[in-house]
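**Q** All I have is the shape, not the residue letters:
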């Protein structure tokens, strides 16, 4: 029960921080947000179809999930500091790769460029 509460608390704190940072970035400058530019290039997204607010909210959720899962697993294992960092790094890399590759496939199906659009 303790680790579930720890996960929820860390998830909410990290999500709120990311959400506030991205909301501020959207208010200031909608065209120069790096997360949106990277997503467009990596996942071959159509700029006209993208909902920036939804994309940044989803990125906030994914980042909060990655950090919360990593923190909870490493705290549950209870290793020494040196091993703690190695395990945390391995978990973070695996989660970033898997979560963002799945999310990229979803984004491409939703907002991807059609091959027919380029021919016209």
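**A** Nice, thanks for sending it over. Bear in mind the structure is a predicted one, so any value in this text is a computation, not a measurement.
**Q** what number of residues lie near residue 107?
**A** Counted with other Cβ atoms under 10 Å, residues neighbouring residue 107 total 22. No exception for glycine: its C-beta is placed from N, CA and C like everyone else's.
**Q** And it, how far from residue 94?
**A** Per Cβ to Cβ, to the nearest Å, residue 107 is found 20 Å from residue 94.
**Q** And residue 49, by the same measure?
**A** Counting by Cβ to Cβ, the gap from residue 49 to residue 94 is 30 Å.
**Q** Tell me where this structure has strands.
**A** Ranges of strands within the chain: none, based on DSSP state E.
**Q** residue ranges with poor pLDDT in it?
**A** For the chain, applying pLDDT under 70 flags the ranges 30-31, 114-120.
**Q** need the longest helix for it.
**A** Ordering each helix of the chain by length in residues (DSSP state H) puts helix 81-111 first.
**Q** how distant is it from the center of its chain?
**A** Counting by Cα atoms, centre = their mean, to the nearest Å, helix 81-111 is centred 8 Å from the centre of its parent chain.
**Q** And stretch 77-93, by the same measure?
**A** Averaging C-alpha positions (Cα atoms, centre = their mean) puts stretch 77-93 20 Å from its chain's average.
**Q** which residues touch it?
**A** Applying Cβ atoms under 8 Å, 6 or more residues apart in numbering, the contact partners of stretch 77-93 are 66, 69, 70, 71, 73, 74.
**Q** In helices, which of the residues you listed fall?
**A** Using DSSP H, the subset of these located in helices is 66, 69, 70, 71, 73, 74.
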